[in-house]
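Trainee: Predicted coordinates and the sequence they were generated for:
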Amino acid sequence: MDDIIGFAVVLIIISGLVYALLNQIKYSKASESIVGSPLFRKQLKRKNKVMTVSLFGVLLFYTLNIVSGLNIVSNLTFLNNFTSLGAFVSLIIFLYTKFAMTPKQVDRSLYN
């Protein structure tokens, strides 16, 4: 019974990450036509690319960690440390990008 609950929780987490990734891709495409200075759009585009790639990395490494933890193939156990470190680093990059990389809106009246 505990295994079924564990698999259900893992499936919920993976489906939540897939949903977040799809929303991030949709937001990245929608933000390309945002109004603002060229510098603001360039910074926002860079932020969205980094967030999308790092969220994909979290999903990929988390899924690989679960697969390597199932011990389907016995010689994949060395991947547990690598995949958990990859998921952690990708998550840290995603959080840093989300909260610290804020594009600055430039006041165009200063240049006229």
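Mentor: Arrived safely, thanks for sending. These numbers come from a predicted model, not from an experiment.

Trainee: ok, residue 68 - how many residues close by?
Mentor: 19 (other Cβ atoms under 10 Å). Heads up, the C-betas are built off the backbone N, CA and C, glycines and all.

Trainee: Disregarding flanking residues, what is the spatial nearest neighbour of it?
Mentor: The shortest distance from residue 68 to any non-neighbouring residue, by Cβ to Cβ, 6 or more residues apart in numbering, is to residue 79 (4.2 Å).

Trainee: can you pull out the helices in this structure?
Mentor: Applying DSSP state H to the chain gives helices spanning 2-30, 38-69, 79-100.

Trainee: just the ones you listed: most buried one?
Mentor: Burial of these is given as mean neighbour count (mean count of other Cβ atoms under 10 Å); helix 38-69 ranks first at a mean of 17.

Trainee: Low-confidence bits of the chain, can you list those?
Mentor: The chain contains residues with pLDDT under 70 at 71-78, 106-112.
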